[in-house]
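In: I'd like to go over a predicted model; first the sequence, then the structure.
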Amino acid sequence: MTDPLALGPHDFGALYRRLRGAAGAGPTPRGALDRITPELVRRAAGEVRTGRTVSMAAPVETRQEPDCPDPARHWLTAPAPPESPADGLHFAMDRLAMNMHSNADSHLDALCHVIWEGTLYGGTPPSTLTPSGATALSVDLARDGIVGRGVLLDIPGLHGVPWLEPGVQVTTEDLVAAEAAQNVRVEPGDLLFVRVGHRRRRRAMGPWDVARERAGLHPTAMEFLAEREVAVLGCDSNSDAAPSTIPGVAFPIHVLAVHAMGIHLLDYLQFEDLTPLCAERGHWSFLCVVAPLRVPGATGSPVNPIAVL
């Protein structure tokens, strides 16, 4: 039986060209972030009702797990063990080293992260990626922060399940149905967050090899984002389902979002604190603040997105 969700290379190529065309005649300086105007930020501030703040980041993973073979390394550098500080002033200090694009840690993908068919977003040459960092399209494009209206679409909630099983793909129909069920509409310049329940499954069943199996979006769902002119896409997986349905393209959502559409991605977030609060309020939009680290030339950054309710 033919898989109705499968796309061939020709179909994917046509989808890529449509989405690149929908993004505009040429690349904008900050990609889709340019859709977030000062007026939209002011309007997003009106979403605040209670002033409560909620993190959408997972704790940094420092243990080696099936989904995190290269965990972050965090250690105390002072005082040096087993020394006990003497009288007077002392400072406790520590150091953190991490893979920016871990399959366990919450992070932002910059527009220089995806190389497709020999170019970066907007036809930027890969020669801009140097050993000392990217000289174009780096995380520095978001140095002033990403602030706007966030919208959370709860796809497992739509289907009455705690999470989507690995391999399940979220379609445009799912996104539209979630809007209707939650009485919310994704609008131009929004930061769209799609919950697949990845973190809840990880908590309940333990880590697994997400490089092989994970829930995510179907490539054609990106047409929904193009139509609504979304500025940022975030997910509690990395937005791409695995295994991919596109032969030879392991991360089609990354190719379409970052390379074709200039959309920054927020990967491996967690919505388990935010979802019940939105459900309780019956209100699924909020002011959102994302502040990536200012690491010159970086292809991404760890992030702690904050929803302000």
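Out: Good, I have the coordinates.

In: can you pull out the strands in the stretch 201-309 of the chain?
Out: In the stretch 201-309 of the chain, the strands defined using DSSP state E, counting those that start in this stretch lie at 216-217, 232-235, 264-267, 285-290, 300-302, 306-308.

In: show me what the longest one is packed against.
Out: Using 3 or more Cβ pairs under 8 Å, 6 or more residues apart in numbering; DSSP states H and E as the contact criterion, the elements in contact with strand 285-290 are helix 38-45, strand 146-154, strand 306-308. Where you see a C-beta, it was placed from the backbone N, CA and C, and this is true even at glycine.

In: and the nearest residue to residue 146 once chain neighbours are set aside, how many neighbours does it have?
Out: Nearest residue to residue 146, sequence neighbours excluded (Cβ to Cβ, 6 or more residues apart in numbering): residue 290, at 4.1 Å. By the criterion of other Cβ atoms under 10 Å, residue 290 has 23 neighbours.

In: ok, now residue 77?
Out: Every residue meeting other Cβ under 10 Å relative to residue 77 is counted, giving 10.

In: quick one: what helix or strand has it in it?
Out: Element membership for residue 77, per DSSP states H and E: strand 73-78.

In: given the following helix or strand past that strand, what are its sheet partners and their directions?
Out: Going down the chain from strand 73-78, the next helix or strand is strand 93-97, by DSSP H and E. Strand partners for strand 93-97, identified by DSSP bridges, are recorded as strand 73-78 (antiparallel).

In: distance of the residue nearest to residue 146 from residue 41?
Out: According to Cβ to Cβ, to the nearest Å, residue 290 stands 12 Å off from residue 41.

In: overlap in contacts, these two.
Out: Common neighbours of residue 290 and residue 41 are listed as residue 147 (criterion: Cβ atoms under 8 Å, 6 or more residues apart in numbering).

In: let me see the ranges of the helices in the stretch 201-309 of the chain.
Out: 222-228, 252-254, 274-281 (DSSP state H, counting those that start in this stretch).

In: same for the longest one, what does it pack against?
Out: In this structure, helix 274-281 packs against strand 146-154, with contacts taken as 3+ Cβ pairs under 8 Å, 6+ apart.

In: neighbouring contacts of the very next helix or strand once past the strand it packs on?
Out: Per DSSP H and E, the first helix or strand lying C-terminal to strand 146-154 is helix 155-159. Residues outside helix 155-159 that contact it (Cβ under 8 Å, 6+ apart) are 162-164, 170, 174-175, 177-178, 181, 194-197, 200, 275, 279.

In: just those residues now: which is nearest residue 210?
Out: Closest approach to residue 210 among the contacts of helix 155-159 (Cβ to Cβ): residue 196, at 11.3 Å.

In: returning to that earlier point: return the distance of the strand holding residue 77 from the chain's centre.
Out: Its chain's C-alpha centre and that of strand 73-78 lie 28 Å apart, by Cα atoms, centre = their mean, to the nearest Å.

In: pLDDT weak spots in the stretch 201-309 of the chain?
Out: The stretch 201-309 of the chain contains no residues with pLDDT under 70.

In: top helix in the protein by residue count?
Out: What stands out as the longest helix in the chain, according to DSSP state H, is helix 9-22.

In: next, the buried residues of that one.
Out: Residues 12, 15, 16, 19, 20 are the ones in helix 9-22 that count as buried (16 or more other Cβ atoms under 10 Å).

In: around the closest residue to residue 177 other than its chain neighbours, count how many other residues there are.
Out: Of all residues not flanking residue 177 in the chain, residue 158 sits nearest, at 5.8 Å (Cβ to Cβ, 6+ apart). Neighbour count for residue 158, taken as other Cβ under 10 Å: 18.

In: equivalent analysis for the one 10 residues further on, please.
Out: By other Cβ under 10 Å, 22 other residues sit near residue 168.

In: show me the contacts for it.
Out: Contacts for residue 168 (Cβ under 8 Å, 6+ apart) come out as 196, 215, 241.

In: before we move on, what about residue 78?
Out: Counted by Cβ under 8 Å, 6+ apart, residue 78 has contacts 90, 91, 92, 93.

In: look up how far residue 141 lies from the closest residue to residue 130 other than its chain neighbours.
Out: In space, and not counting its chain neighbours, residue 130 is closest to residue 297: 7.5 Å by Cβ to Cβ, 6+ apart. Separation of residue 297 from residue 141 (Cβ to Cβ) stands at 12 Å.

In: cool, and residue 36?
Out: Distance from residue 36 to residue 141, by Cβ to Cβ: 12 Å.
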